[in-house]
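Q: Have a look at this fold, sequence not included:
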């Protein structure tokens, strides 16, 4: 949680955090600003002190709304540093960062770097900064990242923002189901009012529209994958495919707030009109494992325990899993879930890369998403909800039926 | 132009370019791939050779579509490098990049870095790479960037993609005008069919919808700023404001292809219902300067000459400009235009940062956007089109009327 930042900085022996880049679509920056629309900003958070936000002079009001300490770039005119650096731009920016650090009281120590920016700048400016300030140590990528550790649990305002995205997400999933139900079937396909078959692309376009209409974005796309494509967990589906009855469709939707804020993540698997027995059987197994795992979740447990448990359950049903065969591409081929927040995938992790910090702590928000994949049989099934971990409970943040079959209108 | 890359690399003495990050919303990557939807990729372009695209094993098909040489990350298993690096993740990634470079034939020389990624990774991985490969020199930010030099002129396919975005942009601007024209006025405001006043937010939401519906995105937002807000070129407008008659509205729209491809940029200034004389006068001056500058444009000229010329024209009309007062916040306060491509602002530049490469070369795509701002009088006017520079002509890529007044329905 954000209030743990100082103690985490102590634990990681960090004297400051430095975040740079745009205000939007930049999770580390949004974490501190709450989502200010800033073209470019720098933020320095010294341990034990409020963060200072450096912003363009035109964006003073937007910066002020964050409630952080603010300083305008007007006090750091690039042309002065260019002069000091004899025209060398990376060195000039290094001088400028040195001054921003010093003005924030940072003259030595360990500084962790964050933010989404151009590699050329990230490498150019900060390797020069390290050169001219040998008394600091810049820390790049940390496998066990302190900011992701802080983000592992959410405060009430963050939870509410995620829940609200869940509300929008289920609303859009419902609109998608209604849209499909109101199409007529002809032979094995769904057709529009002119009798033309409807493509996955047409559905996806509507999903994008409905998300936009509700103030959400899907910068990572949406999975709407049918038949064989549904059998590949990473396939987003083929926009040119016609919607066909009786084929499983994996519909995995993970939008975020406009501007790149908090995410929600859910998956349903649908069959249009009817479900063949082979699909129904696999669906029921996935549903059973989903219910079983959710019933077994305990606050404080390591998330990866449930990955292990999911593998056991699926293997007991005769399916291959990544437990016995880490490279399997059929059966259960991925992880049981992940944390959700300002990043669609964050901690806690349930996978191989998890560690003792990846527990189901009160305040964390996780997905539970068992799935089974048999692409050669045209089968892929995944069911997923996003849940808030509470002291005693696991609460699905936005409920929606898990029914497999979407009824469609049969042409007379 | 892309075909000049090798000669530019020669000129800049670069032996290779290294681009990293996602396939979407990452202009340097899109420049090479054309817009493949890759979660994470690395691209190495040695001088005189086709680029090699390193991609995740799940995204083989998407990578193959680019027509580049491709290699799967399967051949570069992270866990092997983690072992080699004794568990130190940044060092492991440095080893991995060293192997990718060597496999591409790069063992020494100067390598320019590109791509949008997390600063922690950018600094962590590449400062380590520089350490373990002293025989190479990693080049970060270059003020006069070779990739932006290449992007300065567009090939026919790029021009067509920008033109198509222009078509979508003008279509959405037209839909916005129609929407406003069909509202009724009540007292000084526009109201919906229930009689409730319509907000700027409601208009902006529709613009977002219409863009999405047409396969476009506006990751940088849209300016729809009225009255005093119109007087600040960087204000995007207040979503809670009601649409008021007779107030200038600066409508600056700059969407890109879905996934973060080519942009288009245009601005109109509108008054709903009627325009007060004070607004009309300023509008006519801006329109006159727009027409004058466009008529004076010459292929091969330095773009900044027209910035100078715009300042002269506005000052001759009695307005302050950045020529005589670089810090003025009234009158003409910005630059006459900029290049447009995979970045909304790219070269050629017409501003202070321009150099001898910033010419109106055949194949470049530029905006022309004079404006006048008097926030305390509630006045801001800007008119902007995107133009293709041809051998002898300057062609507006998507035409749209520049009328100031949007007629509205008066309530009976």
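A: Nice, thanks for sending it over. The model shown is predicted, which means the values in this text are computed figures rather than measured ones.
Q: how near is the nearest residue to residue A:44 once chain neighbours are set aside to residue B:166?
A: Once flanking residues are discounted, residue A:44 sits nearest to residue A:104: 4.5 Å by CB to CB, 6 or more residues apart in numbering or on different chains. Using the backbone N, CA and C atoms, a C-beta is placed for each residue, glycine as well. When distance is defined by CB to CB, to the nearest Å, residue A:104 is 45 Å away from residue B:166.
Q: So the two - more neighbours on which side?
A: Remark: of residue A:104 and residue B:166, residue B:166 carries more neighbours, 26 against 21, as counted by other CB atoms under 10 Å in any protein chain shown.
Q: The helix or strand containing the more buried one and chain A, any residue contact?
A: Per DSSP states H and E, residue B:166 falls inside helix B:156-181. No. Using CB under 8 Å from any CB of the partner chain, helix B:156-181 never reaches chain A; the gap is at least 12.6 Å.
Q: Centre of the chain to that helix, how far?
A: 15 Å (CA atoms, centre = their mean, to the nearest Å).
Q: Name every strand pairing with the following helix or strand past that helix and say which way it goes.
A: Following helix B:156-181 in sequence order, the next helix or strand is strand B:184-186 (DSSP H and E). With DSSP bridges as the test, strand B:184-186 is paired with strand B:189-191 (antiparallel), strand B:409-410 (parallel).
Q: what comes up buried for strand B:184-186?
A: By 16 or more other CB atoms under 10 Å in any protein chain shown, the buried positions in strand B:184-186 come out as B:184, B:185.
Q: contacts for it?
A: Here strand B:184-186 makes contact (CB atoms under 8 Å, 6 or more residues apart in numbering or on different chains) with B:190, B:191, B:195, B:197, B:245, B:272, B:273, B:408, B:409, B:410, B:411.
Q: Go through those and give me the one with the most neighbours.
A: So for these (other CB under 10 Å), the most neighbours sit at residue B:190, 26 neighbours.
Q: coming back round to it: touching, the residue nearest to residue A:44 and residue A:42? I think so.
A: No. Residue A:104 is beyond contact range of residue A:42, at 10.0 Å (criterion: CB atoms under 8 Å).
Q: Which neighbours do the two have in common?
A: With CB under 8 Å, 6+ apart as the test, residue A:104 and residue A:42 reach no residue in common.
Q: Determine which of the strands paired with strand B:184-186 shows the lowest mean per-residue pLDDT.
A: Mean pLDDT per stretch puts strand B:409-410 lowest among those, at a mean of 84.
Q: The most centrally placed residue in chain A: what's it in contact with?
A: The centre of chain A sits closest to residue A:344, judged by CA atoms, centre = their mean, with a distance of 0.5 Å. Contacts for residue A:344 (CB under 8 Å, 6+ apart) come out as A:220, A:254, A:256, A:263, A:265.
Q: so what pLDDT did the second one get?
A: Residue-level confidence at residue A:254 comes out at 97, pLDDT.
Q: Taking the stretch 201-350 of chain A, what residue is nearest to chain B?
A: Distance from chain B to each residue of the stretch 201-350 of chain A (CB to the nearest CB) is smallest for residue A:234, at 4.0 Å.
Q: pretty sure that residue is in contact with residue B:58, am I right?
A: Yes. Using CB under 8 Å, residue A:234 makes contact with residue B:58 at a distance of 4.0 Å.
Q: Run a quick neighbour tally on residue A:319.
A: Quick note: residue A:319 (other CB under 10 Å) scores 21 neighbours.
Q: ugh, wrong one, I meant residue A:79
A: By other CB under 10 Å, neighbour count at residue A:79 equals 9.
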